Structure formats: C-alpha cells, structure tokens
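I'll drop the sequence and a predicted model, then ask my questions.
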Amino acid sequence: MNRLFKLQFLGPFALFAATLCAELAARALQYAPSSELLWFINLRMFGIFQRSYAMLSYFGVTDGFQFFGLALPIFVLACFGLATKSRVSFTVATHLSAAYAGFLVLSWQAGVPTVRQASLGPIAVPSGVGLYVMATILGTCLLSFAITHLLYFRAVREEIRALVTWLRAFRWRQTPA
C-alpha cells in the first residue's frame, strides 16, 4: 500500500484523538470540579471545543455530540477506508475532517468580541497550548486533505496516460500501410 495512502489517515486520527481527549477532560472535570489541572486542560488546552460546543448548542445538540456525532463517524469512515483500501471513503473522511477543523477555527473566531482598528481586522488566535492543539488539528487535517487530492490527480494522470496510449494504438491500426 502506498505510504501517501496511509498518510491520509493522519487528519481524521488527529481530529478523533483531540476530540476524545477534550471529551474525557470534560467528563473528568464533572467528577473532580475542584482540580486545577483539569480546569487548565479543559479551558486552556481544549478551549476550542468549548467554543464550538457553544456554537453547536444553538442547534440543540447534546453533550458528547462533537465526539459521538462528528469525530467518531469520521474516524470510523477513515478506518474503513484504510481496511478496505477504498479511496472514496478516505476522500469523504478527509474532506469531513478538514471541514470540521475549519468549523473549529471558525467557532474560535466567532466567540471573540469584535474591536475595530484602523487597518487591521480582528483575528482571534488562542495562546499557549490551545494554539498548538488547534494548529495540530488544522495542520494534519489539511495535510490529509491535500494528500487525498494529490492521489486523485495521480490517478487521473494515469487514466489519461492509458487513454492516450490506447488512442495512439488505435490510430496506428487505422492508418493504411
């Protein structure tokens, strides 16, 4: 199996792992609400999921929806694509993971009050560990998204090459001797 084909799995896996860790941190905080470490992990490391949950709450989603309703199905689809070597399921999984990563970034931007300045628009960027989590999710999802497109461009190139070879052979047979 091609290494690039396996590398497509990185984006959905990183999204699944980060969402799972955020969900576990939120659940652990329910059992130990006085733990400073759990508050740090929940608010600083996985604050991006807090804001996205706030955006999703307008649609009436329940607790755990980001994991069970979004990240887990994307991960299962990617696992299915890896097990069956199916390009279509990998394509859907990488596109959905990139869309979900984009939604996470959008939800981070939407939660910040806007302050207008003379020349710069407001751009909210998490600081510290939250920035690394967000950059890892977005970077891996976009990398797997790009690899998916690269593999499709390679497949199209091979199909075009085969068609041109067939047309040349067909034309060679048609020319009178």
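Happy to help now that I have it. Residues are numbered from 1 along each chain as shown.

OK, contacts around Leu96?
By Cβ atoms under 8 Å, 6 or more residues apart in numbering, Leu96 lies in contact with Pro12, Ile74, Leu77. Every C-beta, even on glycine, is put in place using the N, C-alpha and C of the backbone.

how close does it sit to Phe103?
Distance of Leu96 to Phe103, given as Cβ to Cβ, to the nearest Å: 10 Å.

where do the contact lists of those two overlap?
Joint contacts of Leu96 and Phe103 (Cβ under 8 Å, 6+ apart) do not exist.

in the protein, which segments are predicted with low confidence?
By pLDDT under 70, the weakly predicted segments of the chain are 1, 110-127, 175-177.

Break down it into its helices, ranges please.
The residue ranges that make up the helices of the chain, judged by DSSP state H, are 3-7, 10-31, 36-40, 47-56, 65, 72-84, 87-110, 129-174.

same for the second one, what does it pack against?
Helix 10-31 is packed against helix 36-40, helix 47-56, helix 72-84, helix 87-110, helix 129-174, with contacts defined by 3 or more Cβ pairs under 8 Å, 6 or more residues apart in numbering; DSSP states H and E.

Out of these, which is closest to Gln66?
Counting by Cβ to Cβ, Gln66 lies closest to helix 47-56 out of these; the figure is 6.1 Å.

Check which residues of that closest one are buried.
Using 16 or more other Cβ atoms under 10 Å as the test for burial, helix 47-56 gives Gly47, Ile48, Phe49, Gln50, Arg51, Ser52, Tyr53, Met55, Leu56.

try stretch 66-75
The neighbour-count criterion (16+ other Cβ under 10 Å) identifies Gln66, Phe67, Leu70, Ala71, Leu72, Ile74, Phe75 as the buried residues of stretch 66-75.

Touching, the fifth one and Phe16? I think so.
It refers to Leu72. Yes. The pair Leu72 and Phe16 passes the contact test of Cβ atoms under 8 Å, sitting 6.9 Å apart.

Quickly name whichever of the buried residues of stretch 66-75 is closest to Ala155.
Using Cβ to Cβ, Ile74 is the member of the buried residues of stretch 66-75 that lies nearest Ala155, at 22.5 Å.

residue contacts, the closest one?
Pro12, Leu15, Phe16, Ala93, Leu96, Ser97, Tyr100 are the contacts of Ile74 under Cβ under 8 Å, 6+ apart.

Repeat the analysis, applying 10 Å as the threshold.
Ile74 is in contact with 11-13, 15-16, 19, 92-97, 99-100, 141, counting by Cβ atoms under 10 Å, 6 or more residues apart in numbering.

Now list the buried members of the residues you listed.
11-13, 15-16, 19, 92-97, 100, 141.
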